[in-house]
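Chemist: what follows is a predicted protein model with its sequence.
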Amino acid sequence: MSKTKVKALVLSEKDSKEKDKLVTLFSLEEGKLFVYFRGVKGDKAKLKAAKELFTFGEFVIEQGRSGNIVTEVEIIDSFLPLRKDLDKYYEACSILDIVSKLLREKDPAMFIQTLKALKAICYENSPKNYALTKFLLAIFEDAGYKLNFDTCASCKAKLTGKKYLNLDYGEVVCAGCRQMTSIEISPSALSALKILRQTPYGNLKSVKLGGGGEVKALNLLSENFEWRFGCKFFLA
């Protein structure tokens, strides 16, 4: 049987037969992979820890008749603190759910963004949902839907006064170009989006947003996500 080694992150896992697990990996080299962990439900199973959600490491995979089987794992990071804080856990689950829904083939840029977001949530004490909001902005940009807050996407005029998100096209427009499917971007949400986009993941903990802007910004991006990609993501 041929062997492959990939750097990957565990996106999900579910039971398969009595003692096996079917695991979805997000790999740097090949994108989404479905692999089996054999006999890992026992307390003394060699790869028991490696199948857990959020595990990041180097996975050795053998291609067998019944599918891809993981035979070795060198764990790089288990992101254990995520399991001890519900807010962190749910925010990280949102990240993985977005990846699971959008990933079709290898995407190194998304892979790097995912790890940066998880590290910010897990270790750098970024405020609740700041990393998730920044991650969503990056996802839209990579998909060709970068939000321009300076110029109206329709008339190209400089944006002044009220600004709107045109959900049909995922673009920011002025009051004169808004349509029935346009929703207003509140000043606090606009400020949050601008600040979070330009702030590195590692510096999010120093950001202080006001007026509930972080909540409004995330709700806006969540609605935009549904329109752009035709599905919702997990949001606690």
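Modeler: The structure has been received and is ready for your questions.
Chemist: so how many other residues sit close to Lys134?
Modeler: 26 (other C-beta atoms under 10 Å). Using the backbone N, CA and C atoms, a C-beta is placed for each residue, glycine as well.
Chemist: and if you look at Phe56?
Modeler: 19.
Chemist: got any ranges where the protein has weak pLDDT?
Modeler: Applying pLDDT under 70 to the chain picks out residues 1, 43.
Chemist: how about the strands in it?
Modeler: Under the criterion DSSP state E, the chain contains strands at 3-16, 20-27, 31-37, 56-64, 67-77, 163-166, 171-174, 182-185.
Chemist: pipe those into CSV and attach distance to Lys48 per row.
Modeler: Shown next, in CSV, are the strands of the chain (distance: least, C-beta to C-beta, whole Å):
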stretch, distance to Lys48
strand 3-16, 11
strand 20-27, 9
strand 31-37, 9
strand 56-64, 13
strand 67-77, 10
strand 163-166, 45
strand 171-174, 47
strand 182-185, 47
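Chemist: nearest to Ser126, of these?
Modeler: Relative to Ser126, the nearest member of these by C-beta to C-beta is strand 67-77, separated by 16.6 Å.
Chemist: what comes up buried for stretch 164-184?
Modeler: Of all the residues in stretch 164-184, those buried under the rule 16 or more other C-beta atoms under 10 Å are 164-167, 169-174, 177-178, 182.
Chemist: okay, helices next: where are they in the chain?
Modeler: Remark: helices assigned in the chain by DSSP state H are 86-102, 108-123, 130-142, 187-198, 213-229.
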